[in-house]
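1. Provided below for reference: sequence and predicted model.
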Amino acid sequence: MALKRSLQYDPINDEVEGLEDYGRLGRTKLSADYALVIMVRGIVGKWKQPLAYFLSKGPTKASLLQTIVEDAVKEVLLLGLVPKVIIWDQGSNNRAVVQKLGVTCDKPYATFGDTKVFMMFDPPHLMKSI
């Protein structure tokens, strides 16, 4: 998701907000203009909850995105939830991660430990590409 660049000083934490920030995976001095949000949503119940967000300069690179997704699935499992599907838009970085996870037409899922998680591209974006 594109963002308007904005930097602000946080005196409580003595840091500048609005810079590229991947949490434990690192922070840079680049001004962020994108946000990546990891959202968990119920399939049966009608609920959704943001799990994490990251600020980046441009779209998140595939190698880093793969680590973020793998960590997110582990966290969801630790919460006692059972992830069934990850829905992506068709960005080139997202397609690269899906490929790196070994997903194919014959095997439309990635395995995280003992858990199969299916990969699906966002239907509205798929319709645009027809």
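-> Yes, it's here. Numbering: from 1, shown residues only.
2. just checking, V16 touches T28?
-> No: at 11.3 Å, V16 does not count as touching T28 under the criterion of CB atoms under 8 Å. Backbone N, C-alpha and C define where each C-beta goes, glycine included.
3. Grab the most central residue of the protein for me.
-> I38 (4.7 Å; CA atoms, centre = their mean).
4. If you count contacts, what does the longest helix along the chain end up packed against?
-> In the chain, with assignment by DSSP state H, the single longest helix is helix 62-78. Applying 3 or more CB pairs under 8 Å, 6 or more residues apart in numbering; DSSP states H and E, one finds that helix 62-78 contacts strand 34-41, strand 48-56, helix 92-100, strand 109-112, strand 115-121.
5. how close does I130 sit to P124?
-> 11 Å (CB to CB, to the nearest Å).
6. And for L55?
-> For L55, the distance to P124 - CB to CB - is 25 Å.
7. Could you check which of these two has the larger neighbour count?
-> Remark: of L55 and P124, L55 carries more neighbours, 22 against 8, as counted by other CB atoms under 10 Å.
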